[in-house]
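**Student:** I need the structure of the sequence given here:
(chains A and B)
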Amino acid sequence: MPLILNEEQEMLQDAANGFLTEKAPVAAFRKVRDNKPADGFCRELWTEMAQMGWAGIIVDETHGGSGFGYVGAGVLAEQMGRNLTASPFFSTSVLGATAIQQYGTKKQKDENLAAISSGEKLFALAVDEGSRHNPSRIKFSAKPAGNGFVLSGTKTFVADGHVADKLIIAARTSGAEGDIHGITLFLVDADAPEITREPTPMVDSRNAANISVEGLEVTGDDILGELDGGYAALEGILSAGRAVLSAEMSGAAQQVFGVTTDYLKEREQFGQKIGSFQGLQHRAAHLATEIEMMKSAVLKSLKDLDQDFENAGITCSLAKAKTGQVAQLATKEAIQMHGGIGVTDEYDVGLYFKRVHVAQQMFGDAGFHSDRWAKNSGF
Amino acid sequence: MSDLEEFRAEVRAWLQENCPEEMRDGDITAENQCWGGRQWQFQSEAQKIWFERALSRGYTVPSWPKEYGGAGLTAEQAKILDEERQAINARKPLSNFGISMLGPALLAYGTHEQKAQHLTGIARGEIRWCQGYSEPGAGSDLASLKTKCEDKGDHWLINGQKIWTSNADISDWIFCLVRTDFDAPKHQGITFILVDMASEGISVKPIVLISGHSPFCETFFDEVKVPKSYGEGNPSVVGEVNRGWDVAKNLLVHERGMLGTMSPLRGTTGPENLGQYAAEQIGLDAAGRLDDPNLRERIAQAELDNWAYNLTVERMTDEANAGNGLGAKSSMLKYAASELTKRGTELRMDIEGTTASTIGADGIEYGSLANNWLYNRAYSILGGTTEVQLNIISKRVLGLPSQ
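**Tutor:** Residues are numbered from 1 along each chain as shown, chains lettered A, B, ... in the order given. From the prediction side, this is the model:
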């Protein structure tokens, strides 16, 4: 299968580009940032996105989705990255939808997928418990009690956790912290009284939440995937998340690089365009080459998810590692090549720098993923 | 079944039936490949059979037109043939600079008669070509070349020197850039000319590199007479006189495309997985990680970059097949591939430590790791240095201004 977009995916890309540059450009993101609405995004915009089929982009058509798969989700995320669009797309339409569609029971699918596709229900994935991503280090407990379990523990950096209607929580049902076996995923209502959510605004002006749960009673029906075998499902959801985050970072990097090369062609110092200086040209050319490498890595991971979801994990890790590095280089160079205005709040490049920083940390930075890949390769 | 699927089934069956077992031993190297040419002697019966069978079907140059010895395949068909060939690990039946560099330039700029003579000679493995571009005073600044070509009425007269002419000592013909106008701006006085290496006045001297013996030569032209024409409609000059730079640029894109699609990190002889190879040499620590954290990190980074590079070759090939040509982006592949090539052998030298730095009493053994590692320094110099590629990317891909 060729490593390029097909005609349908290209049309989706054009439509997303048109819609987002008009309805959700960087200026719209600034407005959300400055007005600090409790949601951290614009509800009307999300409704419009859902009407266009974006909320259910990976959901099957039988459940009200548009069935575009992960390449489609990546195409949208890339355009959102270009425009710094803030929305529940990632946590609901990628993480939530993947969790339910890949690992949910028929009942869970019937109850949730249509509500995801319509934009009505918001989801969040609660996995990490510390400052650095580590999906096997799970202490959050789910103790057997009666016919079900009692959940207690805390989770950090739950993206969109403050607005979610449903939480997917990775909890420990057996084994010790650090064990892969003994992790179980639970799907719970986020507004249960036993759940406290404390919003933690991030440097990229998106919202996450710290979540603490105190004695929440759940039943076996609330398990998503297999008891004690939730790590495989968690890996699958994280893989999808890593690939789509990579697509978003790729969009951000390409956009900021375009802005930077435009600036190199305009700005004059010493009586010349600064883009004529070889010191800057070679750095820009190196970055342009790295951006091409990044684009290939991202598309490959999305295609692998569509073609062989179960075995796409390593490709998604490699894509996340490469993209994190290249997008950081692109945003750092953007600031440096813009000089003084690059560090002003008025100029957009700093916003990209902040967003990429948070996105590359989320679900594992380049170091995490190259270590994971190396272990997987036997060294 | 679609036409392409049918084609795939057909070539798969043909390859199975016709490619000898001995020719299914993976990638070709400079040593085991079939180069062709007047002096060529097949290294084995299997190599000869494979060449002849491929030739009879136009598969030595599958995408060239049938009338010039090819099979007239579309880009999609050629890709399928390549995939199926690689799937059974079959060598290419014939590979040389005529196929990868001169051929595409002649297809774009040659007359019918030029194509009929030279493309057919290449396709049939009869003529081995070498490239006469660089000169002692014209490296990165190739367009400053000074080899003089004078119009003497019924013939051209060439005087000058070329350098880095790969395999000039065993090639039959040379495609050459010469200066036909010393008064014009430097890019506008250059002509692209085809010369028989057997011509009187041509002499060749091999160059020894830091790695020892090399394919590179110096080629001297001393009062070399070249006919104006090799027959009706078949001039020795390709394109117009003084417009050779256009042809040269077109050809350099192919050269960079070719240099950019070699398997860079492991080369043709390196281990499949550098990390596992290091683990075998160095061992693992208690946590199962390579017992050298810095080396482990560098290997993982190189493998990551190599993976993304290979995908980029795949993606750009697919884009080209879909009608979006590579153009100056081939410089990105050349840049990335040559840097990865160097990193691959640098890492292997570090993995093997002092063992690899040891040479025998007879000097650096040909084909040894040290030999490859030293030779690989040339990758970011030949075919346009890394710095020249970065200049090209800046100007022709990004459109950054000139000073």
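**Student:** residues in chain A within reach of chain B, list them.
**Tutor:** A:2-4, A:261, A:264-265, A:272-273, A:275-278, A:281-282, A:284-286, A:288-289, A:292-297, A:299-300, A:318, A:321-322, A:370-371, A:373-375, A:377-379 (C-beta under 8 Å from any C-beta of the partner chain). Bear in mind the C-beta positions are built from the backbone N, C-alpha and C, glycine included.
**Student:** Let's see which of those end up in helices.
**Tutor:** A:261, A:264-265, A:278, A:281-282, A:284-286, A:288-289, A:292-297, A:299-300, A:318, A:321-322, A:370-371, A:373-375 (DSSP state H).
**Student:** What's the separation between the closest residue to A:Gly119 other than its chain neighbours and chain B?
**Tutor:** Once flanking residues are discounted, A:Gly119 sits nearest to A:Ala50: 2.7 Å by C-beta to C-beta, 6 or more residues apart in numbering or on different chains. Distance, A:Ala50 to chain B, using C-beta to the nearest C-beta, to the nearest Å: 32 Å.
**Student:** And A:Gly279, by the same measure?
**Tutor:** Distance from A:Gly279 to chain B, by C-beta to the nearest C-beta: 11 Å.
**Student:** Check what pLDDT that residue gets.
**Tutor:** What the model reports for A:Gly279 is a pLDDT of 97.
**Student:** and it, how many neighbours does it have?
**Tutor:** When neighbours are defined as other C-beta atoms under 10 Å in any protein chain shown, A:Gly279 has 7 of them.
**Student:** Now do the strands in the stretch 1-150 of chain B.
**Tutor:** B:129-132, B:148-151 (DSSP state E, counting those that start in this stretch).
**Student:** The following helix or strand past the last one: partners in the sheet, and parallel or antiparallel?
**Tutor:** Past strand B:148-151, heading to the C-terminal end, the next element that is a helix or strand (DSSP states H and E) is strand B:155-163. Looking at strand B:155-163 with DSSP bridges, its paired strands and their directions are strand B:148-151 (antiparallel), strand B:217-227 (antiparallel).
**Student:** avg pLDDT for stretch A:155-168?
**Tutor:** 96.
**Student:** Which of the strands paired with strand B:155-163 has the highest mean neighbour count?
**Tutor:** For the strands paired with strand B:155-163, average neighbour numbers computed from mean count of other C-beta atoms under 10 Å in any protein chain shown are highest in strand B:217-227, which has a mean of 18.
**Student:** could you point out which element follows it?
**Tutor:** Taking DSSP H and E, what comes next after strand B:217-227 is strand B:237-238.
**Student:** Any chance you could list what contacts that next one?
**Tutor:** With C-beta atoms under 8 Å, 6 or more residues apart in numbering or on different chains as the test, strand B:237-238 has contacts from B:105-106, B:109-110, B:114, B:156, B:175, B:191-194, B:244, B:247.
**Student:** Switch these over to a markdown table; also include pLDDT and neighbour count.
**Tutor:** Shown next, in a markdown table, are the contacts of strand B:237-238 (pLDDT from 0 to 100; neighbours: other C-beta atoms under 10 Å in any protein chain shown):
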| residue | pLDDT | neighbour count |
| --- | --- | --- |
| B:Ala105 | 92 | 23 |
| B:Leu106 | 95 | 25 |
| B:Tyr109 | 95 | 19 |
| B:Gly110 | 96 | 23 |
| B:Gln114 | 97 | 20 |
| B:Trp156 | 98 | 22 |
| B:Phe175 | 97 | 25 |
| B:Thr191 | 97 | 25 |
| B:Phe192 | 97 | 25 |
| B:Ile193 | 98 | 23 |
| B:Leu194 | 98 | 22 |
| B:Gly244 | 95 | 28 |
| B:Val247 | 92 | 24 |
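**Student:** In helices, which of those residues appear?
**Tutor:** Using DSSP H, the members of the contacts of strand B:237-238 that fall within helices are B:Ala105, B:Leu106, B:Tyr109, B:Gln114, B:Gly244, B:Val247.
**Student:** From chain A, how far off is the fifth one?
**Tutor:** Computed with C-beta to the nearest C-beta, the distance linking B:Gly244 and chain A is 27 Å.
**Student:** Tell me who's in contact with A:Leu95.
**Tutor:** Going by C-beta under 8 Å, 6+ apart, the list of residues near A:Leu95 reads A:Phe123, A:Ala124, A:Leu125, A:Ile168, A:Ile237, A:Ala240, A:Gly241.
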